[in-house]
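Asker: Quick one: sequence plus predicted model below, questions after.
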Amino acid sequence: MTIQIAELEQAIRDAFPIIDHLKIEDQSSGCGESYFVLLVSEAFEGKTTLARHRLVNETLKAQIAQMHAFSQKTFTPKQYEAYLAKGN
């Protein structure tokens, strides 16, 4: 079964009520087997990158099991501002 962006977005928004920025890209030319997620949330304050990724992975566990590839970037709002300031 193909995963849709809307399904990923809903699962993320349900798990993270305060989201400053969310970007989801289908990197598989529309077949729904490879996704990239960029998530900025205050929920990540005080957490390591590994802990953040585990939170997202657990949130999307069922969807990730159906994908070929999944990648993510997670930031606090302050980190995201710095990321953007570097020209990303």
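Answerer: Done, it's in.

Asker: So which residue is smack in the middle of this protein?
Answerer: V37 (3.4 Å; CA atoms, centre = their mean).

Asker: Please state the offset of stretch 23-35 from the chain centre?
Answerer: Going by CA atoms, centre = their mean, to the nearest Å, the spacing between the C-alpha centre of stretch 23-35 and its chain's C-alpha centre is 12 Å.

Asker: That one: end-to-end distance?
Answerer: 10 Å (CA to CA, to the nearest Å).

Asker: List the buried residues of it.
Answerer: Of all the residues in stretch 23-35, those buried under the rule 16 or more other CB atoms under 10 Å are 24, 26, 32-35. Glycine gets a C-beta too; all of them are placed from N, C-alpha and C.

Asker: residues contacting the residue nearest to the residue nearest to the centre of the chain when sequence neighbours are not counted?
Answerer: Counting by CB to CB, 6 or more residues apart in numbering, V37 lies nearest to Q72, which is 4.5 Å off, once chain neighbours are set aside. With contacts defined as CB atoms under 8 Å, 6 or more residues apart in numbering, the neighbours of Q72 are 36-39, 53, 56.
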